[in-house]
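# Quick one, structure for this:
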Amino acid sequence: MKKNDLLTLVLILTVFWACLSSSSLFAQSSDENTSKSVDLSLHLRPAYHTQFGGTPMEFESGGFKFDHIVIDLGGQLTPKLSYRYLQRLNKVSPIFTKENLPSTIDYAYLIYAFNERFSMTAGKQALSIGGFEYNKYPVDVYDYSGISNLISCYLTGVQVAFTPTQNQEFSFQIVNNRMGTWREAIGIPQIGLQLEAPTLPLYYSIGWNSNYLDNALQLRYAANITSPAKGKTLIMVSGGQKWESGPFSIYIDAFYQHSEIDYLGGIRNLTISPQNVVENVNYFSLLGEANYRFQPQWNILLKCFYDDFSTYKSSIFLDKGNCLTSWNYQAGIEFYPNKDDNLHLFLIATSANYLKPTVAFIATPDNSFRISAGFIYRVPVLSLHRRTSPDFR
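Residues are numbered from 1 along each chain as shown. Presented below is the predicted three-dimensional model:
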């Protein structure tokens, strides 16, 4: 753990100690509508990874690694006001100038519920994107598909949600479209390419979540638009469908992004000059995941995702054509030794296969195969609650 992360953890625990020592936070109140809570947990995912790669496939490395150490803090301040703070303690990150925050902080927001139908979220939050892989808790995702793995997920802004019925939610969100400088986000323009920073570097997003048939069928859709540079446009649409019944669940997600500037950086980082701006890109990811809890303590996981990255028009730097096509497969088994799901052990095999691109000056990643064995443990550190029914007026 880095020194700054350790100091952060000590500071948080000090605040909790002060709160617990204070008689005002959880004292008996004459106001029956008072609702206060504190939940603190530590989420761990260590594993042993064995990596193979190349053509033909050969052993490359093996060793223990902490994939995640996450501190998760949340709770209720009033019946209408709640909060969430989540930080990764095993990730090193500078302070990005745009938001004055490191990328180690995923969540730092407040939610205010005006009534049962309207709420507002303000602070650092997840960019509104459809599908189920993206919205799954990161510790539980062994490998993300292309777009989910490349996008800057956590950004500062506001979101308004409208829930007309219990099974329908609509949202509108405005957040920053980057954490750091404009150059860090797009790269360096080549000679002859005139680009300017956008006047309003913001994402505008709309989302729709719904469920049917007693929550067996779930839908998550979203659309995003932003300007990666002045006069340039990025549009992304995404969605997912999930069916969950008894011990079986399956979801299928699709992501598509069309941008005049490579904002994700997936194509740019494959070129011989990854510091340069890449123009006119399309990204497409399609994935499916199935889980079968055939016994209360055992689960089988199968996952497949397909990525296709391309340039839709020739530019100064690259010709039109396919830049990356990959097929990725994952299979594993999970064991839950306790009655709750806080702890589970896993054995996961993951394969990534890449086709040769049609565009020159693009490097093709090596095919790879990985076997991972480890555990995921949500450690409940602190949980204090004093709740009554909310008063929405």
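# pLDDT on stretch 386-393, on average?
For stretch 386-393, the mean per-residue pLDDT is 49.
# Kindly report the same for stretch 316-331.
On average, stretch 316-331 scores 94.
# got the buried residues for that stretch?
Judged by neighbour count using 16 or more other C-beta atoms under 10 Å, the buried positions of stretch 316-331 are 317-318, 322-326, 328, 330. From N, CA and C alone the C-beta is placed, and that goes for glycine too.
# can you check stretch 270-279 too?
For stretch 270-279, by 16+ other C-beta under 10 Å, it's 270-271, 276-279.
# Kindly report the same for stretch 214-223.
For stretch 214-223, by 16+ other C-beta under 10 Å, it's 218-223.
# Sort out which one of those lies nearest Pro247 for me.
Checking those against Pro247 with C-beta to C-beta, the nearest one is Gln218 at 16.5 Å.
# Surely the closest one forms part of a strand?
Yes - judged by DSSP: H, G, I helix; E, B strand; the rest coil, Gln218 forms part of a strand.
# Ramachandran angles for the residue nearest to Leu347 when sequence neighbours are not counted?
Once flanking residues are discounted, Leu347 sits nearest to Ala373: 5.0 Å by C-beta to C-beta, 6 or more residues apart in numbering. Phi and psi for Ala373, reported as degrees, to the nearest 10, are phi -130, psi 130.
# Run a quick neighbour tally on Ala373.
The number of residues packed near Ala373 is 15, by other C-beta atoms under 10 Å.
# Identify the bridge partners of it.
Ala373 has the following beta-bridge partners by DSSP bridges: Tyr48, Leu347.
# Tell me who's in contact with it.
By C-beta atoms under 8 Å, 6 or more residues apart in numbering, the contact list for Ala373 reads 47-48, 345-348.
# Tell me the confidence at it?
At Ala373, pLDDT is 98.
# How about Lys339?
On pLDDT, Lys339 comes in at 87.
# secondary structure class for it?
coil.
# Now do it against Leu219, distance only.
Distance check for Lys339 against Leu219: by C-beta to C-beta, to the nearest Å, it reads 31 Å.
# can you count the residues close to Trp298?
Number of residues near Trp298 (other C-beta under 10 Å) recorded here: 14.
# what sits opposite it in the beta ladder?
Gln295, Phe335.
# Adjust the sequence numbering to begin at 268 for everything that follows.
Noted, 268 is the first residue going forward, which turns the last one into Trp565.
# before we move on, back to that, now render the buried residues of stretch 481-490 as a markdown table, adding pLDDT and distance to Phe381.
Converted to a markdown table, the buried residues of stretch 481-490 look like this (pLDDT from 0 to 100; distance: C-beta to C-beta, whole Å):
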| residue | pLDDT | distance to Phe381 |
| --- | --- | --- |
| Gln485 | 97 | 25 |
| Leu486 | 97 | 25 |
| Arg487 | 98 | 23 |
| Tyr488 | 98 | 24 |
| Ala489 | 98 | 22 |
| Ala490 | 98 | 25 |
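# could those residues go into CSV alongside distance to Lys497?
Listed next are these as CSV, based on distance: C-beta to C-beta, whole Å:
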residue, distance to Lys497
Gln485, 39
Leu486, 35
Arg487, 32
Tyr488, 29
Ala489, 25
Ala490, 22
